[in-house]
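Chemist: Prediction below, plus the sequence it came from.
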Amino acid sequence: MPGPYLGQVVRVHSETSIDAQSGKADRTVVKQMLATGMRALTGDDKPEDSWARFVSPKDVVGVKVNCSGAPRIMSSPEVVAGIVENLIAVGVPAKQIYIYERFDNQLKSAGYEKYVPQGVNITAAESNRGSILGYDPRTYVETSFFGEEDTRSNLVRLVGDTLTKIINVPNMKEHQAAGVTGCLKNIAYGNFSNMDRSHRSEQTNTLSFIGTLAAVEPVRSRTVLNIMDGLRGVWHAGPFSVNARFRFYPKQIMFGTDPVAMDRLLIDVIEAKRKAEGAVSLFERSRDHLGNNSNPNKNRFIREPGHVEYAAKLGLGVYDIEQIKLKAIEL
Amino acid sequence: MLLLLAAALPTLFWDSGSEIAPALKEAGITHIAVPSARAESWKSVSSIKADSVELQGAVKLPTPSVNYRTDQASATRVPWLNSNGWRFLRQPSARFYYDAPGNAAALAAAEAFAFGANALIRTDAEGIKPLGEMLAYLANLPDFEGTPVADFGVIDDGSPVVGEVMNLLVRNNLLFKIVPSLDPQLNLTVLLKAKEIDPRITVVVQQIRSDLTDEKRSVRIYGSAIVIARLTSAAEGVRVHLLNYAATRPVQGIRVRILGRYPKHGADLQDFTVDSNATEFTVPELKIYSAIDLKR
């Protein structure tokens, strides 16, 4: 990261990609969106040529999904299946593909196994919640936020030991602490242990921690592509989407290698929806808005959407909206 | 005193009748303590030695345990540990007495052993088997004549407030010993006076930790907030004591960092590393207690 397409984002929107009433995605349309988006990103005529720019048959590819709201919202199985299909099409054996997440219970509730070929690995770092065995003891970020005893956040062992490439598949969600959870949050908090410690009371340290984690090697260099699944979204009380009222359907997928540029655009998507719903901005920092988040103008934390701009300062991508080149495609 | 007591095993205190004897034998418990009034009835029981004791004068201890506090809207998710370590440190010569039913009996035995305390453990029928297993584990540990490691000293005024500070120090794996005055052998000596202590006890503990610095701590624990570590040291190496306060739920993976280079061990450890000034390893599973010997 930020990869070869610095400051470039492709957005593919299709009104028929998902039925907002049933929440059911159309796998055929999703497949078209993936092909269109990848071609538009790389400029190739054939989608397989686009994919071949990022992975080769020798790679061991991790598909970093986001299941923190599963089964209500997660990296859609239709999108993940489409990605896996394309990886196999360029010659990556199924056994060299890993769909992975931190928490086993969340991952299982997504049901990816019903959508992908046999042999594809579906695995979580924490088969037992809280266990550190799925993390690399030698690769960690050490810092103390609130005087916690365990000051380390360790990298998912699979990432350091096995994967050669990572495709990051976040959703389009507001996040109670981080402001939004998109590419950066999914690749950062989704690849390291002991994350809860960064929040306490209304304070969260996501501003600097997200970018710091995303910049850690080998996460940074192995994350070669971001595909943001915006078929569904959450505009408030994310990332879990317990309350259906705060779910919405952007019906789009974004593509890019620059996680900052994509998350910058995500902020606009969430802000626009919040504005339409009469909710305060993600950037609102008044303590008057702290409280029970069943009210869209209340939140448990003072959000830190500035984490996206902070990540730009670490060299992870382009934050300035004037410098972001967006290709918007309607299917 | 702690050194002398280090090898002493805790003892089951059984104040009911001798009809429990078959269960004790099955659990491998061959030495118990009984009230004087019951001593006679145990004389006819073969292969179990029953010492006559009275609890008067013994310090009653709370049952060691963990409270996850899921019923509280808390600013922190750190569980609350009911640990007796600070009591042992404050009263090293005292005799202690636990009421510890079920699996807690095993944890109580391990806790007393790790702190070198002289303790009696009263349990129920469910506690006999786990206690027997723990006593057998403790009895079979290799001999290790170590002294407790302390990274700093505490001048204790004996007050409940200072007791609570020491409790949090133990629970945060900050190794200290009680000293009567400034000890130049230690990195830090802390004078704690009840009247001068910040009522926010956690702030006091954090200040001590900050003054000491994590780099100078002899032991660090990563991956669990419910494990307390103790360390004893001898010429040949160190013994790491790990206590899991969720006695019924094993901890899956704990990373331990010990200050100093100890390249040899005989335990089932993962990802063992020795760098320029520290030794690290992962314990794959911690049930209730584990003693890990590291050699220089």
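Modeler: Cool, the structure landed.

Chemist: Look through the chain and tell me its longest helix.
Modeler: Going with chain A. The helix that spans the most residues within chain A, counting by DSSP state H, is helix A:259-276.

Chemist: Wait, chain B was what I had in mind.
Modeler: Longest helix in chain B, counting residues (DSSP H): helix B:125-139.

Chemist: So which bits of it are buried?
Modeler: B:G127, B:I128, B:K129, B:P130, B:L131, B:G132, B:E133, B:M134, B:L135, B:Y137, B:L138 (16 or more other C-beta atoms under 10 Å in any protein chain shown). To be clear about C-beta, it is placed using only N, CA and C from the backbone, and glycine gets the same treatment.

Chemist: For these, give me TSV that also has pLDDT and distance to chain A.
Modeler: Compiled in TSV, the buried residues of helix B:125-139 are given as follows (pLDDT from 0 to 100; distance: C-beta to the nearest C-beta, whole Å):
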residue	pLDDT	distance to chain A
B:G127	97	26
B:I128	97	29
B:K129	97	25
B:P130	97	22
B:L131	98	26
B:G132	97	28
B:E133	97	23
B:M134	97	23
B:L135	97	28
B:Y137	97	23
B:L138	97	26
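
Chemist: Relative to A:L6, which of these is nearest.
Modeler: B:Y137 (59.1 Å; C-beta to C-beta).

Chemist: What ranges does the stretch 101-250 of chain B have for its helices?
Modeler: Here the stretch 101-250 of chain B has its helices, by DSSP state H, counting those that start in this stretch, at B:104-114, B:125-139, B:160-171, B:201-212.

Chemist: and the last one with helix B:160-171, angle?
Modeler: Pointing back at helix B:201-212 there. 60 degrees (axes from the mean of the first three to the mean of the last three C-alpha atoms, to 10 degrees).

Chemist: circling back to that earlier point, okay, the helices of the stretch 101-250 of chain B, which one's buried deepest?
Modeler: Highest mean neighbour count among the helices of the stretch 101-250 of chain B (mean count of other C-beta atoms under 10 Å in any protein chain shown): helix B:104-114, with a mean of 29.

Chemist: neighbouring contacts of it?
Modeler: Applying C-beta atoms under 8 Å, 6 or more residues apart in numbering or on different chains, the contact partners of helix B:104-114 are B:8-10, B:12, B:61, B:63-65, B:83-85, B:88, B:96, B:98, B:100, B:117-119, B:121, B:123, B:127-128, B:130-131, B:133-135, B:138, B:230, B:241, B:243-245, B:247, B:288-289, B:291.

Chemist: Could you do stretch B:9-18 as well?
Modeler: By C-beta under 8 Å, 6+ apart, stretch B:9-18 touches B:20, B:24, B:29, B:31-35, B:38, B:41-42, B:44-45, B:51, B:53, B:55, B:97, B:105, B:108-109, B:112-113, B:117, B:119-123, B:128, B:131, B:135, B:138-139.

Chemist: element containing B:R87?
Modeler: helix B:85-90 (DSSP states H and E).

Chemist: Just say helix, strand or coil for A:Q21.
Modeler: Secondary structure, DSSP: H, G, I helix; E, B strand; the rest coil: A:Q21 is coil.

Chemist: these two touch, right, B:I20 and B:A125?
Modeler: Yes. B:I20 lies in contact with B:A125 (C-beta atoms under 8 Å); the separation is 7.1 Å.

Chemist: Mutual contacts of the two, please.
Modeler: By C-beta under 8 Å, 6+ apart, no residue touches both B:I20 and B:A125.

Chemist: can I assume A:R247 is in contact with A:I73?
Modeler: Yes. A:R247 is within contact range of A:I73, at 6.6 Å (criterion: C-beta under 8 Å).

Chemist: ok, now which ones touch the residue of chain B positioned farthest from its centre?
Modeler: Relative to the centre of chain B, the most outlying C-alpha is that of B:S44, 34.9 Å out, by C-alpha atoms, centre = their mean. Counting by C-beta under 8 Å, 6+ apart, B:S44 touches B:S18.

Chemist: all helices in the stretch 1-150 of chain A, in order from the N-terminus.
Modeler: Under DSSP H, counting those that start in this stretch, the stretch 1-150 of chain A gives helices at A:27-42, A:47-52, A:77-89, A:104-110.

Chemist: Go through those helices and name the closest to chain B.
Modeler: Chain B lies closest to helix A:104-110 among the helices of the stretch 1-150 of chain A, at 11.9 Å (C-beta to the nearest C-beta).

Chemist: What lies in contact with the closest one?
Modeler: So helix A:104-110 is contacted by A:65, A:67-68, A:70-71, A:74-75, A:77, A:99-101, A:122-124, A:126-129 (C-beta under 8 Å, 6+ apart).

Chemist: Would you mind listing which of the residues you listed are buried?
Modeler: A:65, A:67-68, A:70, A:74-75, A:77, A:99-101, A:122-124, A:126, A:128.

Chemist: Next up, the contacts around B:V45.
Modeler: Going by C-beta under 8 Å, 6+ apart, the list of residues near B:V45 reads B:S18, B:A21.

Chemist: repeat that for 10 Å
Modeler: By C-beta atoms under 10 Å, 6 or more residues apart in numbering or on different chains, the contact list for B:V45 reads B:S18, B:E19, B:I20, B:A21, B:P22, B:L24, B:K25, B:I32.
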